[in-house]
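Asks: what follows is a predicted structure for the sequence shown.
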Amino acid sequence: MSDIIKIKDDYIDKLNTENNVDKVNNIKSELFGKNGIISNEFKKLGSISVEERKKLASDLNNIKDELQNKISIKIQEIETKEINLKLEKEKIDVTLPERDIEIGKIHPVSQVIDEISSIFSEIGFSVEEGPDIESEYNNFTALNTPDNHPARDMHDTFYLDNNKELLLRTHTSPVQVRTMLKGKPPFKIIAPGRTYRSDSDQTHAPMFHQVEGLHIDKNIHMGHLKGCLNYFIKEFFEVDKIKMRFRPSHFPFTEPSAEVDIGYEIKNGKIVIGEGDKWLEILGCGMVHPNVLKNVKVNPSKYQGYAFGIGIDRLGMLKYGINDLRAFFETDYRWLSHFGFDPLDVPSNYRGLSR
Ligand code: PHE
């Protein structure tokens, strides 16, 4: 018994000088844990005579109470001290004037991608994504573009290694390959994203955006493609009628292939979509080539469908009257505050974009 009183006194001394909660908790488990000193003393009670047990049990209980009290008082003491110290350090001056809240704007390209995604979602397309860094296989070979095909030069590809196995994707079409390889038909997806070609002028930037579309099922034909694009363009430009023309074209991954122009005119310096006799090319499309379907393990005698690739930046320029593509990517804050879009939840104390 005297041993245990000595142990208790030592622990009380220890607790008196402690000022760290974790350490106090360590002491607690040293004493009362599964194999703790006090816990073990209680276990010994079973092997002694009844009288001795009575006495020892009551002494042990007193010691236990004393130590547990000490521990909880100590923890409270340390915590109070810490809070006071924090309060002391972090004084808030409530008389200071508030700072302006700066709210960013949504970049027109992001806005256009959101608009496009929601229009296509309404007619049953889901949204897929693929990486900017692609394999040569997904970007060209799987899309029926053999090694010596002129389309490879046409695309002015940025290769990332000497073996030309990795590249920055030149179009969003590799997402067709990825989507079909990982799932089973039918497929009905769009895939917006960044694309890259070594090209730069007023209407071409080395990095630009496309949205791919792919619809594969048992009976999909060009009529569906036309209907879908017609619907999309009307929704996007918020007009009731549009002029659209399909020009025969060539892509290795579609047969037949077409490029689509929309009719417009310029009225009082503004572009009006759906009227006039000017034409602007906005996308490439066609029926997915049987070789592409074979490459992605889809049976071309059972399934067929269309694909399209739309230039997003160009659509945005047309809709929002932006006449130089390069401005999109110059990250000029003043340009963005003019052409950017307000996010939905603008706090009441927002006083405009501060420069
Ligand atoms: N990938 C083509 C391009 O970038 C566009 C396209 C997509 C054409 C799908 C046909 C089908 O020019």
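Replies: On my side now, so go ahead. Numbering: from 1, shown residues only.

Asks: below-threshold pLDDT in the protein: ranges please.
Replies: 1-2, 151, 153-155, 345-355 (pLDDT under 70).

Asks: go again with 50.
Replies: Along the chain, the parts satisfying pLDDT under 50 run over 353-355.

Asks: what sits against P248?
Replies: P256, S257, A258 (Cβ atoms under 8 Å, 6 or more residues apart in numbering). For glycine as for every other residue, the C-beta is placed from the backbone atoms N, C-alpha and C.

Asks: which strand residues bridge the closest residue to the first one other than its chain neighbours?
Replies: Once flanking residues are discounted, P256 sits nearest to G286: 5.7 Å by Cβ to Cβ, 6 or more residues apart in numbering. Beta-bridge partners for G286, by DSSP bridges, are S257, A307.

Asks: thought G286 was touching G305?
Replies: No: G286 is not in contact with G305 according to Cβ atoms under 8 Å; the separation is 10.4 Å.

Asks: distance of K105 from the ligand?
Replies: K105 is 29 Å from the ligand, where distance means Cβ to the nearest ligand atom, to the nearest Å.

Asks: count of neighbours near that residue?
Replies: Neighbour count of K105, defined by other Cβ atoms under 10 Å: 17.

Asks: which ones are touching it?
Replies: L336, S337, G340, F341, D342, P343, L353.

Asks: a markdown table for these, including neighbour count and distance to E115?
Replies: Shown next, in a markdown table, are the contacts of K105 (neighbours: other Cβ atoms under 10 Å; distance: Cβ to Cβ, whole Å):
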| residue | neighbour count | distance to E115 |
| --- | --- | --- |
| L336 | 19 | 18 |
| S337 | 14 | 20 |
| G340 | 17 | 14 |
| F341 | 15 | 10 |
| D342 | 12 | 15 |
| P343 | 10 | 15 |
| L353 | 17 | 22 |
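
Asks: ok, of these, which one's closest to I7?
Replies: Of all the contacts of K105, I7 sits closest to P343, with 64.2 Å by Cβ to Cβ.

Asks: what residues does the residue in the chain that the ligand sits nearest to make contact with?
Replies: Nearest residue of the chain to the ligand, counting by Cβ to the nearest ligand atom: G309, 2.8 Å away. Going by Cβ under 8 Å, 6+ apart, G309 touches H171, T172, S173, Q210, V211, E212, G213, L283, G284, C285.

Asks: tell me, which of those make contact with the ligand?
Replies: Applying Cβ under 6 Å from any ligand atom, the subset of those adjacent to the ligand comprises H171, S173, G284, C285.

Asks: so which of the residues you listed wins on neighbours?
Replies: That'd be S173 among the ones next to the ligand among the contacts of G309, by other Cβ under 10 Å, with 31 neighbours.

Asks: I'd say it and L143 touch.
Replies: Yes: with contact defined as Cβ under 8 Å, S173 counts as touching L143 (5.6 Å).

Asks: now do the shared contacts for those two.
Replies: Here S173 and L143 have F253 as joint contacts, going by Cβ under 8 Å, 6+ apart.

Asks: about what we covered before: counting neighbours, which of the contacts of P248 comes out on top?
Replies: Once you tally neighbours by other Cβ under 10 Å, A258 ends up highest among the contacts of P248, having 24 neighbours.
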